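> The following block contains a protein sequence and its predicted model.
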Amino acid sequence: MVMEADARTPKVVDKPWGREIWYAHTDRYAGKVLEVTAGHALSLQKHRVKHETLYLQSGRMTFTLGERSFEWAPGERIEIPPDTIHRMEALEDSVILEVSTPELEDVVRLEDRYGRAGT
């Protein structure tokens, strides 16, 4: 079976901290690659419905999960159930693999250094 070129091209979403590459998005699951530039951080956030698992492929990050923060190293995975407050900050350029339920717009930003809190 030959796929059309558009069906093979992932969606790229530029972010103030880097970019997301959406390589899968169905009614049952989603898959993304997050590229985070050193010194940048994602929002302090939670999800109402979305459940995600993250795998740090490369780089080094500080991860905040609930009340605790820790250094996240390559080869480690983190599961984030709904309503879990979390944030990632890149100490080095980092690449994260994310698999989740399909609710990709389900983001409640509690703090954001790029002015997006509350969106």
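It's in.
> going forward, measure contacts between C-alpha atoms and count neighbours the same way
Noted.
> Lowest-scoring secondary structure element of the chain by mean pLDDT?
In the chain, no helix or strand scores lower on mean pLDDT, DSSP states H and E than helix 5-8, which sits at a mean of 67.
> And the pLDDT for the most centrally placed residue in the chain?
Closest to where the C-alpha atoms of the chain average out (C-alpha atoms, centre = their mean) is Leu34, at 5.6 Å. At Leu34, the model reports a pLDDT of 98.
> How about the host helix or strand of it, which residues are buried there?
Element membership for Leu34 (DSSP states H and E) is strand 30-36. For strand 30-36, the neighbour count (16 or more other C-alpha atoms under 10 Å) marks Ala30, Gly31, Lys32, Val33, Leu34, Glu35, Val36 as buried.
> ok, back up a step: could you point out the helix or strand that follows the least confident helix or strand of the chain?
Per DSSP H and E, the first helix or strand lying C-terminal to helix 5-8 is strand 11-15.
> Please work out which residues outside stretch 73-84 touch it.
Stretch 73-84 is touched from outside by 46-61, 65-66, with contacts defined as C-alpha atoms under 8 Å, 6 or more residues apart in numbering.
> Can you list the strands that the strand holding Leu34 pairs with?
Looking at strand 30-36 with DSSP bridges, its partner strands are strand 18-25 (antiparallel), strand 94-100 (antiparallel).
> what about that strand, distance to the chain center?
Offset of strand 30-36 from its chain centre (C-alpha atoms, centre = their mean, to the nearest Å): 6 Å.
> Contacts for it next, please.
Contacts of strand 30-36 (C-alpha under 8 Å, 6+ apart): 17-25, 90, 93-102, 104.
> Residues contacting the very next helix or strand once past that strand, please?
Downstream of strand 30-36, the first helix or strand assigned by DSSP H and E is strand 44-46. Residues from elsewhere that reach strand 44-46 (C-alpha under 8 Å, 6+ apart): Pro82, Asp83, Thr84, Ile85, His86, Arg87, Val107, Val108, Arg109, Leu110, Glu111, Asp112.
> mind listing what's buried in strand 44-46?
Buried residues in strand 44-46, counting neighbours by 16+ other C-alpha under 10 Å, are found at Leu44, Gln45, Lys46.
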